[in-house]
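Asks: sequence unknown, structure follows:
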Ligand SMILES: Nc1ncnc2c1ncn2[C@@H]1O[C@H](COP(=O)(O)OP(=O)(O)OP(=O)(O)O)[C@@H](O)[C@H]1O
Ligand SMILES: [Mg+2]
């Protein structure tokens, strides 16, 4: 076998002579070219010649520079964020940092570090490069000491050429999207409330919003929950749509329902879901339209403006004297509010959500309910069996196959009990069985007594002691025809005072 192979090999002398004659030919051609072809053309021909005989790489390398002229390159920023999660044990030098606003440590590649990422079964090589150069290095004036060192940072992304289309259409957009998600997750949400101190009147104060409510923890009909999530998703995706149809990119929600049904919790869940800040506007503290305008103009994009208890806080079209102020002092009107919401404010901001809440939808001024004003009306109602299951899973960590659930289902469907009351009941004991039995007792009592209204008011006092005292559900009173309209403004005043600045109205959020 070995000798056979050798038989087909040309002898070394002939290989050498062939190589010698090829070299001689190249030399001859080179001399002729030097003689007859002018220098610039010669350079060009040699370059082209070298290009054709050089072995070609199957790889393509994309350069992702830090900035794109003066603007930052979003692909670079996204790659930096995305790649921080892809570091491998092979990396030898990494950078670590944390700014006060960040929740976690940030890891970045150090100069020259490489890593491999895979997407759709294809491997991609990334390398981070940072070169330093003297900005004025071309300046020959030796007296000039102004030269500054500048850094040029970029990523090199290499992959097989055949994946070019896929990289541009899918991989890079995927990285942009992923990085946005990561940034959003990192974002510390803020809740802005009105600063009512004398010197700062009309300014927003902010605190971190750390309300744990999410759509997963919210007891709500699953259909309705899905509808709200889809509505929010559609809203944030529709930038171009709003522009095309000439509408301000804003969306209004009206949340209505009895106290303790999760209106404030839903607002927190929306903020957590969208990663939007919340502006809690207490109209009680605003006297003039001009103050309102300034406040609205000072709100940021991608935010939720919340006006809770709209039926209580704005006694519109003119406030009543019952709120303790003289009529002449109060110049805030419904038309002022609606004008700003519809016009000026909304047209100079993007991605704004406005939410009104009320316990009494029927008391609202028809102007607020007119089609097109509030895009979506969401009824937050008493706890259903489905809602109970969510709360049981949150509070007791039990799934839907507990042996007492069947009985609870029958009871809860005949009872008007708010999620807040259910939640309170489920927190009463560490033992699941005892807790559920206690809860069933409560349901049976409510059912037996039959007078849902009386129970409701009483249980609200027990379950939401600090809240309901301020509120009084009043739906019962209303059913019984007891007018409470005039007293609402006053009760809101009480509520405002009892909680002080910064933690009222969204009290559910600060728990
Ligand atoms: N739908 C719900 N899902 C989960 N928890 C809820 C729900 N509703 C109420 N709760 C619990 O009850 C507490 C009070 O609820 P929340 O403040 O959201 O009610 P609300 O409808 O805003 O009431 P109010 O009309 O008095 O402002 C919440 O902190 C939460 O623990
Ligand atoms: Mg509330």
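Replies: Sure, I can see it. The model shown is predicted, which means the values in this text are computed figures rather than measured ones. Ligands and ions are numbered 1, 2, ... in the order given.

Asks: which stretches of the stretch 51-200 of the chain form helices?
Replies: Assigned by DSSP state H, counting those that start in this stretch, the helices in the stretch 51-200 of the chain fall at 74-83, 164-166, 172-186.

Asks: List just the one of these that sits closest to residue 91.
Replies: helix 74-83 (10.4 Å; CB to CB). Quick note: C-beta positions are derived from backbone N, CA and C, even for glycine.

Asks: Could you identify which of the helices of the stretch 51-200 of the chain is most buried?
Replies: Across the helices of the stretch 51-200 of the chain, averaging neighbours per residue (mean count of other CB atoms under 10 Å) puts helix 74-83 on top, at a mean of 19.

Asks: Tell me what angle it forms with helix 172-186.
Replies: 60 degrees (axes from the mean of the first three to the mean of the last three CA atoms, to 10 degrees).

Asks: Would you confirm that residue 133 contacts residue 150?
Replies: Yes. Between residue 133 and residue 150 a contact is recorded at 5.9 Å, counting by CB atoms under 8 Å.

Asks: so what's in contact with these two at the same time?
Replies: Common contacts of residue 133 and residue 150 (CB atoms under 8 Å, 6 or more residues apart in numbering): none found.

Asks: follow-up on the earlier one: need the helices of the stretch 51-200 of the chain in JSON lines (columns: mean pLDDT and distance to residue 260).
Replies: JSON lines is the format used below for those (pLDDT from 0 to 100; distance: least, CB to CB, whole Å):
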{"stretch": "helix 74-83", "mean pLDDT": "93", "distance to residue 260": "40"}
{"stretch": "helix 164-166", "mean pLDDT": "95", "distance to residue 260": "52"}
{"stretch": "helix 172-186", "mean pLDDT": "89", "distance to residue 260": "30"}
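
Asks: Please name whichever of those is nearest to residue 26.
Replies: Closest among the helices of the stretch 51-200 of the chain, using CB to CB: helix 164-166, at 35.5 Å.

Asks: how many neighbours does residue 440 have?
Replies: 16 (other CB atoms under 10 Å).

Asks: ok, now the one 3 residues further on?
Replies: By other CB under 10 Å, 22 other residues sit near residue 443.

Asks: Could you look up the SS state of it?
Replies: Three-state assignment for residue 443 (DSSP: H, G, I helix; E, B strand; the rest coil): helix.

Asks: what's the neighbour count on the nearest residue to it once chain neighbours are set aside?
Replies: Leaving aside its chain neighbours, residue 443 sits nearest to residue 411 (4.0 Å; criterion: CB to CB, 6 or more residues apart in numbering). A count of nearby residues for residue 411, using other CB under 10 Å, gives 19.

Asks: I'd like to check which residues are in contact with residue 411.
Replies: 440, 443, 444, 447.

Asks: ok so, going back, export the helices of the stretch 51-200 of the chain to a markdown table and tack on distance to ligand 1?
Replies: Converted to a markdown table, the helices of the stretch 51-200 of the chain look like this (distance: least, CB to the nearest ligand atom, whole Å):
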| stretch | distance to ligand 1 |
| --- | --- |
| helix 74-83 | 33 |
| helix 164-166 | 43 |
| helix 172-186 | 22 |
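
Asks: Next, name the residue at the spatial heart of the chain.
Replies: For the chain, residue 275 is the residue whose C-alpha lies nearest the centre (CA atoms, centre = their mean; 2.7 Å).

Asks: Could you measure from it over to residue 302?
Replies: 8 Å (CB to CB, to the nearest Å).

Asks: swap in residue 399?
Replies: Note on residue 399: its distance to residue 302, by CB to CB, is 36 Å.
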